[in-house]
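Colleague: Based on what follows, work out the 3D shape:
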Amino acid sequence: MNVHTLLLLLGILLGIWILYGIIKLVMSRVRRTGKLRYGDKELAIQQRLRALDTFRGMAIVFMIFVNDGAGGYWWLEHATWNGLVAGDLVFPAFLWIMGVCIPLSVKSAFAKGVPRWKIVMHIVRRSIIMFILGMSLNTIYGSNMLYELRIFGVLQRLAVSYLIAAGFYALTAPKYYTPPRGACGQALKDVLSCVWCWVLAGILVAAHSVITFVVHDPDCPMGYLGPGGLHDDWVAANCSGGAAGYIDRLLLGRSHVFQRSDAMRVYGGEPTDPEGLLGCLTSAVQALLGIQAGATVLLQRSHKARISRWLAWALVFALAGALLAGFSREHGVIPINKNLWSMSFVLVTSACCLILLCFCYTLTDAWRFWGGGPFRAPGLNAIALYVGHSLCAHLFPFHWKIPEMRTHAISLVEAVWGTALWVIIAHIMAKKKVFVTL
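Modeller: Modelled structure (predicted):
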């Protein structure tokens, strides 16, 4: 399948999406009576932002598409080691938007009179359920033998990050925040309300940096950040993943980490887990950066203030991440690397998330031009779609193959078909008001 065919297919899908949005807009104008006016500059705190559900829906839809093969195009999947391609944006988007929603849910619980300790216990319970569910899903494509069961994974990383970020915010967030007086205090009130989260983020970054550049296998060079194996002429063949890989193999056991990573397939070496222990620290930082964006929703009431702050943070994060990576793929102090969940990866992907949120927010909540379809319904049931897709990924009609025609065109059609089925299921669930939460 050539590039022109791919662009044609994407153009058709975009046209359908735009037509769907126009029809929804017209119907909403016909039915709307007494609702918020177009372009209104103020939103009530209690209003559920469509942008958040739309953003989450985009993430889960694209995740299903990537997991279904993404047509076999390398730039739609994951980078083998260093670097950033489209598929690498999905998981950090989930982490980040989870952080954005934390201040809103905690504030809502405070408003309902829920005691702080109950909020924390709910966070702990939810994290435990998510972690156990993730371990169960690991056995679908891996072993269910206890001596080689993979311990960490996508939901487990989400659970640990949520426990750290949400638990800490629930313990430190004031029930009633009074911004400092003065122009500076008013301008920075959303940042000052999260000051303890920034302190925790600094501690986690410092701990991650020290462990990364100090802890190492006795037979490996200090601060090694490569995939091991044949990488760089076998200079560190058994040092795959540096400190992160060493800690996982030491504490979890070699048989309890991911055994089929792309890096191991390409370079050989030791198994490394892209959702291992050390990366939980920087993943929690990513959720904390999301909390800052959520605090902006709570304390900055105008559309202009919210969008301008998000764009400013995006610029800061993008520049900081690019500086750490040395504006290159391989030669920076801390390369952009999803497998290690490096700080440069956290900063650059958070910048991308902020830009996408600004886009969604402008169209759905500020201008009210777009209702979020077809992504909003999947965003309302993201966990249900993720689990359902994991269980049914290799079952007909979600997945099928034509062995004698394994071309990009057939693979792309298959991936779009499987993804579309889950989008339809999400819309049926939303229509019937079925929402699955942990």
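
Colleague: From now on I want contacts and neighbour counts done on CA atoms only, so please keep to that.
Modeller: OK.

Colleague: so the residue nearest to Met264 when sequence neighbours are not counted is in which element?
Modeller: In space, and not counting its chain neighbours, Met264 is closest to Pro271: 6.3 Å by Cα to Cα, 6 or more residues apart in numbering. Using DSSP states H and E, Pro271 falls within no helix or strand.

Colleague: and Pro271, how many neighbours?
Modeller: Other residues lying near Pro271 total 27 when counted by other Cα atoms under 10 Å.

Colleague: wouldn't it be in contact with Asp262 here?
Modeller: No. Using Cα atoms under 8 Å as the test, Pro271 is too far from Asp262 to be in contact (10.1 Å).

Colleague: what sits against the closest residue to Met343 other than its chain neighbours?
Modeller: Excluding its sequence neighbours, the residue lying closest to Met343 (Cα to Cα, 6+ apart) is Thr282, at 6.5 Å. Going by Cα atoms under 8 Å, 6 or more residues apart in numbering, Thr282 touches Leu204, Val205, His208, Trp341, Ser342, Met343, Val346.

Colleague: Leu52 now?
Modeller: Contacts of Leu52 by Cα under 8 Å, 6+ apart are Ile97, Cys101, Leu357, Tyr361.

Colleague: Next up, identify which helix or strand it is on.
Modeller: Using DSSP H and E, Leu52 falls in helix 50-67.

Colleague: go on, Thr139?
Modeller: Under DSSP H and E, the secondary-structure element containing Thr139 is helix 116-141.

Colleague: after that helix, next one along is what?
Modeller: helix 154-172.

Colleague: How many residues are close by Trp310?
Modeller: If we define neighbours as other Cα under 10 Å, then Trp310 has 21 of them.

Colleague: all helices for the stretch 151-300 of the chain, in order.
Modeller: 154-172, 183-187, 189-192, 195-214, 242-247, 262-267, 279-299 (DSSP state H, counting those that start in this stretch).

Colleague: Mean pLDDT and distance to Arg56 added to those helices, as JSON lines?
Modeller: As requested, those are exported to JSON lines (pLDDT from 0 to 100; distance: least, Cα to Cα, whole Å):
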{"stretch": "helix 154-172", "mean pLDDT": "95", "distance to Arg56": "14"}
{"stretch": "helix 183-187", "mean pLDDT": "67", "distance to Arg56": "28"}
{"stretch": "helix 189-192", "mean pLDDT": "86", "distance to Arg56": "23"}
{"stretch": "helix 195-214", "mean pLDDT": "95", "distance to Arg56": "23"}
{"stretch": "helix 242-247", "mean pLDDT": "92", "distance to Arg56": "29"}
{"stretch": "helix 262-267", "mean pLDDT": "85", "distance to Arg56": "26"}
{"stretch": "helix 279-299", "mean pLDDT": "95", "distance to Arg56": "13"}
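
Colleague: out of these, nearest to Gly69?
Modeller: Closest approach to Gly69 among these (Cα to Cα): helix 262-267, 13.7 Å.

Colleague: got the contact list for the closest one?
Modeller: With Cα under 8 Å, 6+ apart, helix 262-267 has contacts from Thr80, Trp81, Pro227, Gly228, Gly229, Leu230, His231, Glu270, Pro271, Thr272.

Colleague: Buried residues in that helix, which are they?
Modeller: For helix 262-267, the neighbour count (16 or more other Cα atoms under 10 Å) marks Ala263, Met264, Tyr267 as buried.

Colleague: Same question for stretch 128-135.
Modeller: Within stretch 128-135, the residues that qualify as buried are Ile128, Met130, Phe131, Ile132, Gly134, Met135, counting by 16+ other Cα under 10 Å.

Colleague: Distance check, the nearest residue to the fourth one once chain neighbours are set aside against Gly113.
Modeller: So that's Ile132. Leaving out its chain neighbours, the residue that sits closest to Ile132 by Cα to Cα, 6+ apart is Gln156, at 7.6 Å. Separation of Gln156 from Gly113 (Cα to Cα, to the nearest Å): 30 Å.

Colleague: if you count what's nearby, which of the two comes out ahead?
Modeller: Set Gln156 next to Gly113 and count neighbours by other Cα under 10 Å: Gln156 wins out with 23 against 10.

Colleague: isn't that one right up against Leu137?
Modeller: No. The pair Gln156 / Leu137 is not scored as a contact, 10.3 Å apart, by Cα under 8 Å.

Colleague: ok, back up a step: and the contacts of helix 262-267, which is closest to Asp190?
Modeller: The nearest one, if we look at those relative to Asp190 and count by Cα to Cα, is Trp81, at 36.0 Å.

Colleague: so that closest one makes contact with Ser342?
Modeller: No. In this structure, Trp81 is not within contact of Ser342 by Cα under 8 Å, at 11.4 Å.

Colleague: Give me the more crowded residue out of these two.
Modeller: Ser342 (27 against 24).

Colleague: Test for you: state the pLDDT assigned to that one.
Modeller: For Ser342, the model assigns a pLDDT of 95.

Colleague: ok, so what distance separates the nearest residue to it once chain neighbours are set aside from Trp310?
Modeller: Closest residue in space to Ser342, ignoring its immediate chain neighbours: Ile336 at 6.2 Å, by Cα to Cα, 6+ apart. Ile336 sits 22 Å away from Trp310, going by Cα to Cα.

Colleague: And for Ala201?
Modeller: According to Cα to Cα, Ala201 and Trp310 sit 18 Å apart.

Colleague: Can you dump the C-alpha atoms of the helix or strand Leu357 falls within in CSV for me?
Modeller: Per DSSP H and E, Leu357 falls inside helix 343-361. Taking Å, rounded to 0.1, in the frame of the first residue of the first chain, the C-alpha atoms of helix 343-361 are listed here in CSV:
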residue,chain,number,x,y,z
MET,A,343,12.5,12.2,32.2
SER,A,344,13.0,13.6,28.7
PHE,A,345,10.2,11.2,27.5
VAL,A,346,8.0,12.4,30.4
LEU,A,347,8.5,16.0,29.5
VAL,A,348,8.1,15.7,25.8
THR,A,349,5.0,13.5,25.9
SER,A,350,3.4,15.7,28.6
ALA,A,351,3.9,18.7,26.2
CYS,A,352,2.2,16.7,23.4
CYS,A,353,-0.7,15.9,25.8
LEU,A,354,-1.1,19.6,26.8
ILE,A,355,-1.3,20.6,23.1
LEU,A,356,-3.9,17.9,22.4
LEU,A,357,-5.9,18.9,25.4
CYS,A,358,-5.9,22.6,24.3
PHE,A,359,-7.2,21.4,20.9
CYS,A,360,-10.0,19.3,22.4
TYR,A,361,-10.9,21.9,25.0
